[in-house]
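Asker: Just a sequence and a predicted model for now, questions to come.
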Amino acid sequence: MINKEIIAAAEAILFACGSPVEQDKLKEILNITAEELNEVCAALRERYDREDSGISLIAIENAYQLCTKPAFADPVRKALQMRKVPPLSKASLEVLAIVAYNQPVTRSFIEMVRGVDSSYIVNSLVDKGLIAECGTLDAPGRPTLYATTDNFLRCFGLESLNDLPEALPEPTPESGADTASEPEDPQIALNIDELESREAADSL
């Protein structure tokens with residue numbers, strides 16, 4: 001049975017940091033093993049899962065973070081005087097899908113797959129913190145590479161990229177589906193509806 005003081009200390013660390021705290025850092029500070037850290041997080045989740053709690057514990061890659069529950073997003077925004085962010089457009093979700101399933105990618109790759117200029121959308125997603133520059137491609141002109149961020153995982157309720165929905169299979173002539181208006185790459189079809197539904201995570 002994990003010591004209650006360790007659970008409280010972990011909660012204090014996560015609250016004070018605000019941003020995701022890596023598992024290794026928590027283990028080092030609390031002087032506990034990976035198994036004990038799992039027990040600590042399980043205890044915190046049990047505490048926050050109660051209806052009278054407005055906090056939740058989320059895992060992002062190899063880190064943990066405290067967030068407000070989506071149900072309380074509106075009052076939290078009012079308290080912080082934050083503007084409600086409008087839902088992402090289908091085009092933005094499509095670009096996110098391309099990046100998420102093929103990262104790192106260049107803007108040229110995104111535009112090649114979509115068939116249209118995507119400069120504005122890429123810049124908008126960067127501004128929103130959903131994708132970020134992650135280096136340059138070893139090619140003429142050294143084009144910038146883009147990848148999704150931890151904020152992308154948090155906003156879509158994903159612990160890691162491994163939790164992304166499977167890309168839809170490429171339609172075949174035998175299926176009888178009208179493929180004329182579908183994206184050429186099946187990974188873009190990524191289940192945009194799935195991402196759109198996950199976008200409601202909206203934790204602060």
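Answerer: Perfect, I can see it now. Numbers count the residues shown, from 1 in each chain.
Asker: May I have the predicted confidence score for A167?
Answerer: According to the prediction, A167 has pLDDT 64.
Asker: The one 3 residues further on now?
Answerer: Per-residue confidence (pLDDT) for E170: 47.
Asker: and the closest residue to I32 other than its chain neighbours, what does it touch?
Answerer: With Cβ to Cβ, 6 or more residues apart in numbering as the criterion, I32 has its nearest non-adjacent residue at 6.4 Å, and that residue is I6. C-betas here are computed from N, CA, C, even on glycine. I6 makes contact with L30, I32, E36, V40, according to Cβ atoms under 8 Å, 6 or more residues apart in numbering.
Asker: Among these, name the ones in helices.
Answerer: Using DSSP state H, L30, E36, V40 are the members of the contacts of I6 that sit in helices.
Asker: rewinding a little: of the contacts of I6, which is the nearest to S89?
Answerer: For the contacts of I6, the residue nearest S89 by Cβ to Cβ is V40; the value is 40.0 Å.
Asker: what about the closest one, neighbour count?
Answerer: V40 is flanked by 24 other residues according to other Cβ atoms under 10 Å.
Asker: In terms of distance to E46, which of the ones in helices among the contacts of I6 ranks first?
Answerer: Out of the ones in helices among the contacts of I6, the member with the shortest distance to E46 (by Cβ to Cβ) is V40, at 10.9 Å.
Asker: Can you convert the contacts of I6 into JSON lines and add a column each for pLDDT?
Answerer: Output for these, formatted as JSON lines (pLDDT from 0 to 100):
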{"residue": "L30", "pLDDT": "95"}
{"residue": "I32", "pLDDT": "94"}
{"residue": "E36", "pLDDT": "94"}
{"residue": "V40", "pLDDT": "95"}
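Asker: Neighbour-wise, which one of the residues you listed leads?
Answerer: Counting neighbours by other Cβ under 10 Å, V40 comes out on top of the contacts of I6 with 24 neighbours.
Asker: Would you mind listing the residues in contact with that one?
Answerer: Counting by Cβ under 8 Å, 6+ apart, V40 has contacts I2, I6, I7, A10, L26, L30, I32.
Asker: hmm, back to that, name the next helix or strand downstream of the host helix or strand of the residue nearest to I32, please.
Answerer: Using DSSP states H and E, I6 falls within helix 4-17. Following helix 4-17 in sequence order, the next helix or strand is strand 21-22 (DSSP H and E).
Asker: Distance from the chain centre to that following strand, please.
Answerer: Strand 21-22 sits 16 Å away from the centroid of its parent chain (Cα atoms, centre = their mean, to the nearest Å).
Asker: buried ones in stretch 103-113?
Answerer: If you call a residue buried by 16 or more other Cβ atoms under 10 Å, then stretch 103-113 has these buried ones: P104, V105, T106, R107, F109, I110, E111, V113.
Asker: Alright, that wraps it up for me.
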